[in-house]
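Asks: take this sequence and fold it.
(one chain, ligands or ions: 3)
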Amino acid sequence: MKALVFHNPKDVRVETVEDPKLKASDDAIIRVTSTAICGSDLHIYNGMFPQPRNMILGHEFMGIVEDVGPGVSKLKKGDRVVVPFPIACGHCKFCSMELPTHCENSNPEHYGPEGGLLKGKGGALFGYTDLYGGYDGGQAEYVRVPYANVGPRKVPEGLTDEQILFMTDIFPTGWSAIDWAELKGGETVVVFGCGPVGIMAQKSAWIKGAGRVIGVDIQPYRLEMARKAAKVETINASEVDVVDAIRSMTGGYGADVCVDAVGLEAERSILEKAMNVIQMEKGTMKVLEKCMDAVRRGGVVTVVGVYGTTFDNFPLHQFFDKGIKLMGGQAWVHRYIDQLISLVVEGKVVLDDIITHKVSLSEAPKMYDIFNKKQDNCVKVVLKP
Ligand code: NAD
Ligand code: ZN
Ligand code: ZN
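Replies: Ligands and ions are numbered 1, 2, ... in the order given. Sure thing, here's the model as predicted:
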């Protein structure tokens, strides 16, 4: 089959690889009909998450069930499914607590106190480095899906791929950022980052009762997309002091909720110049620091942007002095996905309006470059294997 294979930073290639095979009895093989490139893929592409061997990337995908093992009871050949990005067994201590990204069984080598350097890395993801389980991803014609009774959801009749594809990751991720903030209604929510994840958080904030939603970015075309697709007010953080701007928009108090949907991305240029610890120590917390600054006393900061370094300048003073409630991590896709599919079916949310590029899998390397450089007004790329 054809697949998008990571070789080295900035070197991804579409090439012919072996077809995936069933390994466990509850595996399924999916023929991928649509798959997206994610901001998270850029962390691997840019070498921020090291990946020592070649690997098929891609954790946002959907398609048709091609084959199932004898232990698969919930799917059959021909079913059309959308697949959550975390790989979760469904029955371990953490899966039982509806914390699928911490599954103890999907990433056994790297889980737990005996895991050495990589200890505590948690559960596995599709196509997301050996640290996260080493599973091949879905930017390919076919993909093996472990624990097929747990993750994949059948797609309701009458929906296109584009309408439902973002259930794999970015809509549940944006939703997590807002759900963690436990809105009561009427709050001012500021979302840093108007990339795909940020815009999904903005859409979620309205649905969950925010009174005012403000998007922050440094790319004018991303701000324009946020205004169009999520109907938010925007601040260009490269033109004004964003914390001052938020304070003046909130009577000097700060926002009730700040969401960091940027993560490592803000520091890419610094990291690219020198992958050394001192630089990372200075740089990695910038957007999170701004969130902590711009939130009101007693407010909430949620972090869905990915941070990957162990060297953090966490703003402890702000955290304690302002009494901030803080929550972050990978999205609890399995917990939210059924409810979120219903929102699409009922017409309460539209997700495909952020897609700017829909191309064949063979164009994936070029699209990685364009998406990475934020060229061609690129917001979200969907690949058609
Ligand atoms: P993206 O790269 O398309 O978007 C990031 C946005 O941040 C861009 O629009 C960029 O212009 C903006 N940005 C950069 N520096 C900024 C700054 N200083 N201030 C304001 N905005 C700035 O990526 P995406 O797909 O939207 O993903 C966003 C983040 O969410 C990434 O870190 C990604 O890894 C992460 N993510 C997390 C989860 C999860 O489960 N927690 C899931 C998916 C993605
Ligand atoms: Zn993703
Ligand atoms: Zn589990």
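
Asks: please identify the residue most distant from the middle of the chain.
Replies: Gly251 (32.6 Å; Cα atoms, centre = their mean).

Asks: so that one: helix, strand or coil?
Replies: coil (DSSP: H, G, I helix; E, B strand; the rest coil).

Asks: got a pLDDT number for it?
Replies: Reading off the confidence values, Gly251 has pLDDT 98.

Asks: that one and ligand 1, how far apart?
Replies: 23 Å (Cβ to the nearest ligand atom, to the nearest Å). All C-beta spots, glycine's among them, are computed from the backbone N, C-alpha and C.

Asks: please apply the same query to Lys208.
Replies: Relative to ligand 1, and taking Cβ to the nearest ligand atom, Lys208 is found at 17 Å.

Asks: now do the contacts for that residue.
Replies: By Cβ atoms under 8 Å, 6 or more residues apart in numbering, the contact set of Lys208 is 178-179, 183.

Asks: next, it: phi, psi?
Replies: phi -90, psi 10 (degrees, to the nearest 10).

Asks: and for Arg247?
Replies: Given degrees, to the nearest 10, the pair of backbone angles that Arg247 has is phi -60, psi -40.

Asks: just to be sure, Val257 is in a strand?
Replies: Yes - counting by three-state DSSP, Val257 is found in a strand.

Asks: who's in contact with it?
Replies: With Cβ under 8 Å, 6+ apart, Val257 has these contacts: 178, 181, 183, 187-190, 205, 210, 295, 299-302.

Asks: now with 7 Å, please.
Replies: 181, 187, 189, 299-300 (Cβ atoms under 7 Å, 6 or more residues apart in numbering).

Asks: what does the stretch 151-300 of the chain put close to ligand 2?
Replies: Asp169 (Cβ under 5 Å from the ion).

Asks: out of the contacts of Lys208, who's the most crowded?
Replies: Ile178 (29 neighbours; other Cβ atoms under 10 Å).

Asks: OK, now which residue of the stretch 1-150 of the chain is nearest to ligand 1?
Replies: Gly39 (2.0 Å; Cβ to the nearest ligand atom).

Asks: likewise the stretch 201-350 of the chain?
Replies: Gly263 (3.1 Å).

Asks: what number of residues lie near that residue?
Replies: Gly263, neighbours per other Cβ under 10 Å, totals 25.

Asks: that one reaches Tyr307, doesn't it?
Replies: Yes - if you go by Cβ atoms under 7 Å, Gly263 and Tyr307 touch, sitting 5.5 Å apart.

Asks: so what's in contact with these two at the same time?
Replies: By Cβ under 7 Å, 6+ apart, no residue touches both Gly263 and Tyr307.

Asks: rewinding a little: and the residue farthest from the centre of the chain, its phi and psi?
Replies: According to degrees, to the nearest 10, Gly251 has phi 60, psi 30.

Asks: now do it against Arg212, distance only.
Replies: 12 Å (Cβ to Cβ, to the nearest Å).

Asks: mind listing what the closest residue to Gly329 other than its chain neighbours touches?
Replies: Closest residue in space to Gly329, ignoring its immediate chain neighbours: Thr101 at 6.7 Å, by Cβ to Cβ, 6 or more residues apart in numbering. By Cβ under 7 Å, 6+ apart, the residues touching Thr101 are 86, 122-123, 329-330, 332.

Asks: quick one, strands of the stretch 251-385 of the chain?
Replies: Assigned by DSSP state E, counting those that start in this stretch, the stretch 251-385 of the chain shows strands spanning 255-260, 295-303, 325-328, 355-360, 380-384.

Asks: neighbours of the residue nearest to Pro52 when sequence neighbours are not counted, just the number please.
Replies: Counting by Cβ to Cβ, 6+ apart, Pro52 lies nearest to Asp130, which is 6.8 Å off, once chain neighbours are set aside. Neighbour count for Asp130, taken as other Cβ under 10 Å: 19.

Asks: picking that back up, nearest spatial neighbour of the residue of the stretch 1-150 of the chain closest to ligand 1, skipping sequence neighbours?
Replies: Gly195 (5.3 Å).

Asks: low-confidence stretches in this structure?
Replies: Applying pLDDT under 70 to the chain picks out residues 110-121, 265-285, 309-313.

Asks: what's the domain layout of it?
Replies: Residue ranges for each domain of the chain read 2-169+332-384, 173-328, as given by automatic domain parsing.

Asks: for the residue of the stretch 151-300 of the chain found nearest ligand 2, grab phi and psi.
Replies: Minimum separation of the stretch 151-300 of the chain from ligand 2 (Cβ to the ion) falls at Asp169, amounting to 3.7 Å. With angles defined as degrees, to the nearest 10, Asp169 sits at phi -160, psi -70.

Asks: can you check Asn236 too?
Replies: phi -90, psi 110.

Asks: repeat that for the one 10 residues further on.
Replies: Backbone dihedrals for Ile246, given as degrees, to the nearest 10, come out at phi -70, psi -40.

Asks: ditto for Asn105
Replies: phi -100, psi -20.

Asks: next one: Val197
Replies: Dihedral angles (degrees, to the nearest 10) for Val197: phi -70, psi -50.

Asks: give the contact list for it.
Replies: With Cβ under 7 Å, 6+ apart, Val197 has these contacts: 39, 170, 173-174, 261, 304.
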